[in-house]
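S.K.: just a sequence and a predicted model for now, questions to come.
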Amino acid sequence: MKDESEIRVYSESLTRAYQSISSCIPDETPAGCIIIEFKEMIWSYISDAAAFRDRNDPVNEYASHTYAHGWLDTGIFLGYFTTSTPDLCLPGDFRIPVEQHDKLKEKTLRYERMLRDALGSVEPAPESGSPYHGAALWILRIAEDAYILTKNQHHPGTIYTA
């Protein structure tokens, strides 16, 4: 188990990955507009994480880093841009202070419910012959696997270590 410096290293790795995003797609094209949106989302979550760190809120800091990482990985997977991607900082890789455990439990359960509800209502939109249909199915499978993993792991003690 590592201390809060591990999440700081993760933050720095995400920032470097964001700064090294490259694409040959012009900004003024439809795909370029999508890339701009991806980059805005990544940077917004990285910035939010820094604000949460400044407020000594490791729960939301970690969540923001995770969201930034998700946008980064998805943009790479869909081929919108290239960059390095850091290893995901997993909950057991750092400590959440005891006084934050209730907040973490509440947030974990709330987002688990949101993911369950979203999975129950989403279907891949692209036509089955479209290259994006396979991508949509892959992304959906990742989300389903994550949901199953969280349901089967309901022993979040690894992250709740003092």
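M.R.: Happy to help now that I have it.

S.K.: for the lengthiest helix in the chain, name the packing helices and strands.
M.R.: Longest helix in the chain, counting residues (DSSP state H): helix 30-54. Applying 3 or more C-beta pairs under 8 Å, 6 or more residues apart in numbering; DSSP states H and E, one finds that helix 30-54 contacts helix 4-19, helix 58-77. Backbone N, C-alpha and C define where each C-beta goes, glycine included.

S.K.: show me how the record splits the protein into domains.
M.R.: Here the domain parsing of the chain from automatic domain parsing is 1-92, 96-162.

S.K.: any weak-confidence spans in the protein?
M.R.: 1-4, 91-93, 153-162 (pLDDT under 70).

S.K.: so can I have CSV of the helices and strands packed on helix 30-54 showing mean neighbour count and distance to residue 104?
M.R.: As requested, the helices and strands packed on helix 30-54 are exported to CSV (neighbours: other C-beta atoms under 10 Å; distance: least, C-beta to C-beta, whole Å):
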stretch, mean neighbour count, distance to residue 104
helix 4-19, 16, 13
helix 58-77, 20, 5
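
S.K.: can you tell me how far residue 111 is from residue 96?
M.R.: Applying C-beta to C-beta, to the nearest Å, the value for residue 111 to residue 96 is 15 Å.

S.K.: so these two - more neighbours on which side?
M.R.: residue 96 (21 against 13; other C-beta atoms under 10 Å).

S.K.: that's a strand at that one, yeah?
M.R.: No: counting by DSSP: H, G, I helix; E, B strand; the rest coil, residue 96 is not found in a strand; it is coil.

S.K.: pick the most deeply packed of the domains of the chain.
M.R.: domain 1-92 (a mean of 16; mean count of other C-beta atoms under 10 Å).

S.K.: what values do phi and psi take at the closest residue to residue 58 other than its chain neighbours?
M.R.: Nearest non-adjacent residue to residue 58, counting by C-beta to C-beta, 6 or more residues apart in numbering: residue 96, 5.5 Å away. Phi and psi for residue 96, reported as degrees, to the nearest 10, are phi -110, psi 130.

S.K.: wait, isn't residue 96 in contact with residue 57?
M.R.: No: checked against C-beta atoms under 8 Å, the pair residue 96 and residue 57 is beyond contact range at 10.4 Å.
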